[in-house]
Every structure is written in structure tokens, then in C-alpha cells.
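Participant: Give me a 3D structure for the following:
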Amino acid sequence: MRKILLYATVLIFIGAGPAFADKIGVSIANFEGNFLTVLRNSMQKYASSIPGVNLQIEDAQNNVSKQVDQVQRFIAQGFDAIIVIPVGTDATPAITKLAVEAAVPLVYVNRMPSDNPLPAKVSFVGSNEVDSGTLQMQQVCKLMGGKGSIVVLMGDPATQPARQRIQDIYDVIARPECAAIQVVAERTGNWDGVQGEDLMTNWISSGLQFDAVVAHNDEMAIGAIKALKGAGYDMNKVIVAGIDATKEGLAAMKAGELDVTVFQDAVAQGSSAVDTARRLAKGESVKPVIWVPYELVTPENMDPYLAKN
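Facilitator: This is a model prediction of the structure:
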């Protein structure tokens, strides 16, 4: 009898195991880029600190079809929840439909989906892009004294952050105190530092005159800085702004080359995404949108942010 009871106890223990395990599939737009790397690593590190949680992270390589296939595979393999950093904002309704029909909780991170409103068991974790470009451009306007010309290095126009950040720039320069600022050129560098450098090199070679460079992320800003320095520009006479406050961006700021950036908390986004996915999988009530605030970073207040990267 004791053996039977012991055996039954073992079976109950073994059977209870999976209920405490979290199998979460993660599809990331791409593994390139400093910010998404920090975000990916933060999710992995946070999940590894929680017993029983297992993330399977896959690279969509900026391919919408590949990302949809990854989500379908996560569903077919019985994952408890799915986390997605979308390749393109317009593709999210198809991903949402797959998850909802399969009754698998879905969490979008960093890039807001176009689904509005989000259905039950679907949430978004990220930072309000209205704040990112607004904080950035307000500081640029202040440094320019409300007048002058700027060039804009845009992110991938297929993504919501890039669309919102360019809108933020124009909204700020429409204000009376910034109305004498003119955008003389804007092109997409697709969040990529090399493309940012190439675009800036072309603008310089064409003889374009500008007072400030406003980039949608630090990587493109750093690419622009490389081109400017290579062309012999005095970095004290041109304003360069980025977004994300990455390790590399802050290093450029410390060197006196980057004048403005906006801290986007990749670590907080990553941990919050994992928490949200787990809560949804357990049937808990979760807000459809979880905001992680943006913070303006300048040479005067940058030191505390160095420790956050």
C-alpha cells in the first residue's frame, strides 16, 4: 500500500510539472541593431531567472512571411504564449488573427500593432512614440534657438515608430517657437548605421546645407556622425540627435558628438513582455497597452543612463 501511495504521489508531482512551466515563442523582427539586441537579451536573461520558463527566440530577418510562419509554428507546437516584435505594422492583423483563432495569448513588443482595439488575450508592451520624437525635437529646437534647417534620417516606414517619429518632428516645428525651422531633406535609413552614414555622405557631397541632423535612432545618428567627421565637419557646430540612448549612443554623447537622445528602456520592455505573456497564459487580467516611459537624455543628465546599458 505504501508503494502504491508513493507511486501515485510521484505521478501527481510529475503531472503537475507542466502546469508550472511556461513555453513562450518569441519572433523578433531581426537580430541586427543595438536596441533590438538589448531587448532580446533582456527577455532571455529575465526569463532564465524564473524557474520553468523557456523562451524559444527566432529571427524573422525583416521578412513578414517568415514571421507569420514562425507564429504558425509556435501555435502548432503548443506554446503557452507568443511574443512578437513585428517586422511591419501592417502585417499585425494577420498575426493577431492566427493567435486569437488558436486561443494562444499574444504580446506585441516595442512596435505597436495596427490592430485597434486589441482583442482579448492580446497586449502591447512598449513606449509611446508620441513622446520619443516630441522630446527629441523639442530639445533640438531649443538648441537651434527655434530657427535653422534640419535633415531627417528616418527608420523603416513600414513600422509604426518611424511613422510616428516623423509626425512628431513636424508637429513640433509647427509650434510658434519652432516655426522658423525647416526640413531640407528626409530619407529612410531603415534604422541602420551604415545606411545612415551613406545618406549623410550623399547629402554632404551634394552641397546640402543644414544645422542639425535628426535621426530616428542612435545607430543612424552615429552613422551620420562618421560621415560628418570624415568630411571634416566641426562637431561643435552641427547638432546631432538620436533616440534609444544605447551604449554606443551614450559613448558618442560623452565624446561630444551626439547632442540629444531619448532613453527607451529595452530592459523594462523585455521583462514586462515576458511577465505579460505569462499572466495572459495563466488567464489573468492584463491591460491591452502597457507603457514604458521615454526619458530625454542630454550631456547634462547622461551619467545615470550609462549604467542602464
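
Participant: What ranges in this structure fall below the confidence cut-off?
Facilitator: 1-21, 309 (pLDDT under 70).

Participant: Tell me the spacing between the spatially most central residue of it and Met137.
Facilitator: Central residue of the chain (Cα atoms, centre = their mean): Asn110, 4.1 Å from the mean position. In this view, Asn110 and Met137 are 21 Å apart by Cβ to Cβ, to the nearest Å. (Glycine included, C-beta is placed from N, CA and C.)

Participant: Over to Leu306?
Facilitator: 24 Å.

Participant: out of those two, which sits in the more crowded spot?
Facilitator: A count of neighbours by other Cβ atoms under 10 Å puts Met137 above the other of Leu306 and Met137, at 27 against 13.

Participant: How is the more buried one classified with respect to secondary structure?
Facilitator: helix (DSSP: H, G, I helix; E, B strand; the rest coil).

Participant: got it, and Val100?
Facilitator: Val100 ends up helix, using three-state DSSP.

Participant: Tell me who's in contact with it.
Facilitator: 106, 119-122 (Cβ atoms under 8 Å, 6 or more residues apart in numbering).

Participant: Now, of these, which are buried?
Facilitator: Among the contacts of Val100, those classed as buried by 16 or more other Cβ atoms under 10 Å are 106, 121-122.

Participant: out of those residues, which one sits closest to Gly193?
Facilitator: Using Cβ to Cβ, Leu106 comes nearest to Gly193 of the buried ones among the contacts of Val100, at 31.0 Å.

Participant: circling back: go through the buried ones among the contacts of Val100 and flag which are in strands.
Facilitator: Here DSSP state E is the test, and these give 106, 122 as lying in strands.

Participant: Kindly indicate which of the buried ones among the contacts of Val100 lies nearest Lys229.
Facilitator: Nearest to Lys229 among the buried ones among the contacts of Val100 is Leu106, at 43.8 Å by Cβ to Cβ.

Participant: May I have the beta-bridge partners of the closest one?
Facilitator: For Leu106, the beta-bridge partners are Ile82, Val122 (DSSP bridges).

Participant: Pretty sure Arg187 sits against Leu199.
Facilitator: Yes - counting by Cβ atoms under 8 Å, Arg187 touches Leu199, with 5.2 Å between them.

Participant: Who has more neighbours out of these two?
Facilitator: A direct count of neighbours by other Cβ under 10 Å for Arg187 and Leu199 places Leu199 higher, at 25 against 16.

Participant: List the buried residues in the host helix or strand of the more buried one.
Facilitator: In this assignment (DSSP states H and E), Leu199 forms part of helix 193-205. Residues of helix 193-205 classed as buried: 193, 195-201, 203-204 (neighbour count, 16+ other Cβ under 10 Å).

Participant: Without its sequence neighbours, what residue ends up closest to Gly33?
Facilitator: Nearest residue to Gly33 in three dimensions, chain neighbours excluded: Trp191, at 5.8 Å (Cβ to Cβ, 6 or more residues apart in numbering).

Participant: Spit out the contact partners of that neighbour.
Facilitator: Applying Cβ under 8 Å, 6+ apart, one finds that Trp191 lies in contact with 33, 155-156, 162, 216-217, 219-220.

Participant: a helix runs through it, doesn't it?
Facilitator: No - secondary structure of Trp191 (three-state DSSP): coil, not part of a helix.

Participant: Just the helices from the stretch 201-309 of the chain, written as ranges.
Facilitator: Using DSSP state H, counting those that start in this stretch, the helices of the stretch 201-309 of the chain run over residues 218-230, 247-254, 266-281, 303-306.
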